[in-house]
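*Asks:* Show me how the following folds:
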Amino acid sequence: MTLTPLTFDKACAFVARFHRHHPPSRGWLFGIAAENEATLVGVITIGRPVARHYQDGYTCEATRCCTDGTKNACSMLYAAGWRAARAMGYRRLITYTLATEPGSLLRATGFRQVHHTRAESWDRPSRPRIDASPAVPKVLWEVRA
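*Replies:* Sure thing, here's the model as predicted:
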């Protein structure tokens, strides 16, 4: 398996096809692909943190990590995403998992649990939103330089 550069359009198409519970992200800073003999087997997209209070200029967020099930592709992508983010000057990488997911992969790649969120909708009277997916409890993970 090898790591390769990735375009936003390619990442979105892969996520739309393979991600279990989310559509593609709307924006990004960069993305990395995992290929097995020139076949795309996984992608990670790194963007600005969705939560505005984490947007400090030194934190980025793994907004999607998605594979076709190829063994070790996820851990390879998270590790590569963190190496690339650090090389660009970022000091912290965050990501979220559903509270029902164990997070073993993230723990193995150096992430630690930081916070458990409540199941809340993004919709507010002051800023109406249509939620892309159902509101469920999540776990915030981070790795720091």
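
*Asks:* residue ranges with poor pLDDT in this protein?
*Replies:* 20-21, 23-24, 132-134 (pLDDT under 70).

*Asks:* can you pull the buried residues of stretch 35-44?
*Replies:* Neighbour-count burial for stretch 35-44, counted by 16 or more other Cβ atoms under 10 Å, picks out 35, 40-44. All C-beta spots, glycine's among them, are computed from the backbone N, C-alpha and C.

*Asks:* same question, stretch 104-118
*Replies:* 105-106, 109, 111.

*Asks:* from those, which single one is nearest Ala99?
*Replies:* Leu106 (13.3 Å; Cβ to Cβ).

*Asks:* Could you pull up the contacting residues of that closest one?
*Replies:* When contacts are counted by Cβ atoms under 8 Å, 6 or more residues apart in numbering, Leu106 is found next to 78, 95, 97, 141.

*Asks:* picking up where we left off before, tabulate the buried residues of stretch 104-118 (TSV), appending secondary structure and distance to Glu120.
*Replies:* TSV is the format used below for the buried residues of stretch 104-118 (DSSP: H, G, I helix; E, B strand; the rest coil; distance: Cβ to Cβ, whole Å):
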residue	secondary structure	distance to Glu120
Leu105	helix	25
Leu106	helix	22
Thr109	coil	27
Phe111	coil	23
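
*Asks:* Quick check: phi and psi on His115?
*Replies:* phi -160, psi 150 (degrees, to the nearest 10).

*Asks:* Redo the buried residues of stretch 35-44 as TSV? Include distance to Cys65 and secondary structure.
*Replies:* Formatted as TSV, the buried residues of stretch 35-44 follow (distance: Cβ to Cβ, whole Å; DSSP: H, G, I helix; E, B strand; the rest coil):
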residue	distance to Cys65	secondary structure
Glu35	15	strand
Leu40	14	strand
Val41	12	strand
Gly42	7	strand
Val43	8	strand
Ile44	5	strand
